[in-house]
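> sequence and computational prediction follow.
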Amino acid sequence: MTERPTAGALVRQAKRITVKVGSSLLVDAAGLRTDWLATLAEDLATLKAAGAQLVVVSSGAVALGRKRLGLSRSARLEFKQAAAAAGQPLLMESWAKALACHDVAVAQLLLTFGDTESRRRWLNARATIETLLDRGAVPIVNENDSVATEELRYGDNDRLSARVAQMVRSDVLLLLSDVDGLYSANPRSRRDAKHIPFVKELTTELMDAAGPAHGEGVGSGGMRTKLEAARIATRFGCATVIAGGQGEHPVRALIDGARATLIAGEGSPASAYKQWIAAALAPTGSVIIDAGAADALRNGRSLLAAGIRGVEGEFGRGECVSVVNEAHEIARGLIGYSADEARAVAGLRASDIAERLGYNRGDAVIHRNDLVLL
């Protein structure tokens, strides 16, 4: 594409989209905005029918739980955790009903900070989401606020949505907000603030213009946290769109040309992810493969157990390992089996893995999407 795409065009063309919906959009003083959610669900179903895969990161559990339990906006952690526990079933019920009208199944995933920071747990969470997407479901993700501690939590769902977008290699991270994008100053207090439709690079000046990370009403974030989320997504090749979501059919309005801010990604999600594997991760062990397996990797295939001739070092599932053929490192990847498991299945056909281990973590020991040739 020679011309810079608009935010709406990018969303329309994307094959995988992570959509973040904040509390201030879902919940107001009267409770859940059921009619508004119905229009958003229709928009998402339309994207899905056009071929896009969708992951939704949805806030709202704490706000709904506070109303159900009659809790004030207390700073006490146990109050917030109780509200999250009471509100999460209400939130999921609302999403399930809204998307059921379009024959779209939903699934709940509650993540904690460690689920995206530990590579083993990261692989587990990604495998679950990928399976749901393959089956046509829409995962509804939220932070597990009922057990998360202040020391080990994302703090807001903007950051969580960026980690999820990174995890599933989304083309676009769509942040639906109560403002229609980034401005040169706070538009609520500065009438001369100018809307910024496109950002090629998130500079210090832009971050400072966004102000502190705080929220109003029922939300917990602000423009600063959205730009911090965009910075995470950008580094992994995912473009970010910050768009207004207060009105009905917010995604349709965006595609039809509503004002928004598009923050460009660096390269593609796939290339950025493989660059991260090759350059940022230190191998903790190695697998030695035969010539047939080496040829298969060069032809873009995954590493199967049948091609493994040896395993060196001690490593856990999800860690980075070297792939060696004839004493030369030819690739690196995130392995789906621990060192002991890899030794046990080395040389086996995929159909024999379950018999040897009693379970099967997947036919590929290293999936081609998690492997980069050197």
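The structure has been received and is ready for your questions. Residues are numbered from 1 along each chain as shown.

> what residues of stretch 70-88 count as buried?
Leu71, Phe79, Lys80, Gln81, Ala82, Ala83, Ala84, Ala85, Ala86, Gly87, Gln88 (16 or more other CB atoms under 10 Å). In this view, the C-beta of every residue, glycine as well, is placed from N, C-alpha and C.

> how far away is the nearest residue to the second one once chain neighbours are set aside from Glu143?
Leaving out its chain neighbours, the residue that sits closest to Phe79 by CB to CB, 6 or more residues apart in numbering is Leu71, at 5.5 Å. Leu71 is 18 Å from Glu143, where distance means CB to CB, to the nearest Å.

> then Asp256?
From Asp256 to Glu143 the distance is 32 Å (CB to CB).

> so which of these two has more stuff around it?
Ranked by neighbour count (other CB atoms under 10 Å), Asp256 and Glu143 place Glu143 first, with 24 against 10.

> now do the end-to-end distance for stretch 46-63.
With CA to CA, to the nearest Å applied, stretch 46-63 spans 28 Å between its terminal residues.

> buried ones in it, by neighbour count?
Across stretch 46-63, burial judged by 16+ other CB under 10 Å covers 46-48, 52-63.

> how far off centre is that stretch?
Its chain's C-alpha centre and that of stretch 46-63 lie 11 Å apart, by CA atoms, centre = their mean, to the nearest Å.

> mean confidence for that stretch?
On average, the pLDDT along stretch 46-63 is 96.

> swap in stretch 245-252?
Across stretch 245-252, the average pLDDT comes to 97.

> how far does that stretch stretch from start to finish?
One end of stretch 245-252 to the other measures 10 Å (CA to CA).

> mind listing what's buried along that stretch?
For stretch 245-252, by 16+ other CB under 10 Å, it's Gly245, His249, Pro250, Val251, Arg252.

> for Asp35, see how far away the first one is.
When CB to CB is the yardstick, Gly245 and Asp35 sit 14 Å from each other.

> which strands and helices sit next to the longest helix along the chain?
Ranked by residue count and defined by DSSP state H, the top helix of the chain is helix 77-100. In terms of contacts (3 or more CB pairs under 8 Å, 6 or more residues apart in numbering; DSSP states H and E), helix 77-100 is packed against helix 34-49, strand 53-58, helix 61-69, strand 106-111, strand 138-143.

> turn these into a markdown table, including distance to Lys274.
Converted to a markdown table, these look like this (distance: least, CB to CB, whole Å):
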| stretch | distance to Lys274 |
| --- | --- |
| helix 34-49 | 27 |
| strand 53-58 | 20 |
| helix 61-69 | 35 |
| strand 106-111 | 24 |
| strand 138-143 | 24 |
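
> do you know which of those lies nearest Val287?
Among these, the nearest to Val287 by CB to CB is strand 106-111 (29.5 Å).

> show me the shaky parts of the protein.
Within the chain, the ranges that satisfy pLDDT under 70 run 1-3, 75, 148-155, 209, 211-221, 280.

> mind giving me the domain split of it?
Domain assignment for the chain by automatic domain parsing gives 7-270, 281-373.

> what helix or strand is Leu206 on?
Following DSSP states H and E, one finds Leu206 within helix 204-209.

> from the rest of the structure, what touches that helix?
Outside helix 204-209, the residues that touch it by CB atoms under 8 Å, 6 or more residues apart in numbering are Leu182, Tyr183, Ser184, Ala185, Ile196, Val199, Arg224, Leu227, Glu228.

> can I get the CA coordinates of it in CSV?
Only the C-alpha atoms of helix 204-209 are listed here, as CSV (Å, rounded to 0.1, in the frame of the first residue of the first chain):
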residue,chain,number,x,y,z
THR,A,204,8.5,12.1,24.4
GLU,A,205,6.6,15.2,23.4
LEU,A,206,3.5,13.2,22.5
MET,A,207,3.7,11.2,25.6
ASP,A,208,4.0,14.4,27.7
ALA,A,209,1.0,15.9,25.9
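
> any buried residues in the next helix or strand after it, and which?
Heading C-terminal from helix 204-209, the first helix or strand you meet, by DSSP H and E, is helix 223-235. Neighbour counts over helix 223-235 (16+ other CB under 10 Å) mark Met223, Arg224, Thr225, Lys226, Leu227, Glu228, Ala229, Ala230, Ile232, Ala233, Thr234, Arg235 as buried.

> between those residues, which sits nearest Val241?
Among these, Ala230 lies closest to Val241 (CB to CB), at 9.2 Å.

> give the contact list for the closest one.
Residues near Ala230 by CB under 8 Å, 6+ apart: Ala162, Leu173, Leu175, Val199, Leu202, Thr240, Ile242, Ile263.

> quick one: which of the residues you listed sit in helices?
Cross-referencing the contacts of Ala230 against helices under DSSP H gives Ala162.

> for the contacts of Ala230, which one is nearest Val323?
Nearest to Val323 among the contacts of Ala230: Ala162, at 29.7 Å, using CB to CB.

> can I assume that closest one is in contact with Leu173?
Yes - the pair Ala162 / Leu173 is scored as a contact, 6.2 Å apart, by CB atoms under 8 Å.

> any shared contact partners between these two?
Taking CB under 8 Å, 6+ apart as the criterion, Ala162 and Leu173 both touch Ala229, Ala230, Ala233, Cys238, Thr240.

> can you put those in a markdown table and add distance to Ser338?
Below are the shared contacts of Ala162 and Leu173 laid out as a markdown table (distance: CB to CB, whole Å):
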| residue | distance to Ser338 |
| --- | --- |
| Ala229 | 32 |
| Ala230 | 35 |
| Ala233 | 30 |
| Cys238 | 30 |
| Thr240 | 35 |
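
> buried sites along stretch 130-139?
Within stretch 130-139, the residues that count as buried by 16+ other CB under 10 Å are Glu130, Leu132, Leu133, Ala137, Val138, Pro139.

> now swap in stretch 333-353 and tell me
Buried residues in stretch 333-353 (16+ other CB under 10 Å): 333-339, 341-342, 345-346, 348, 353.
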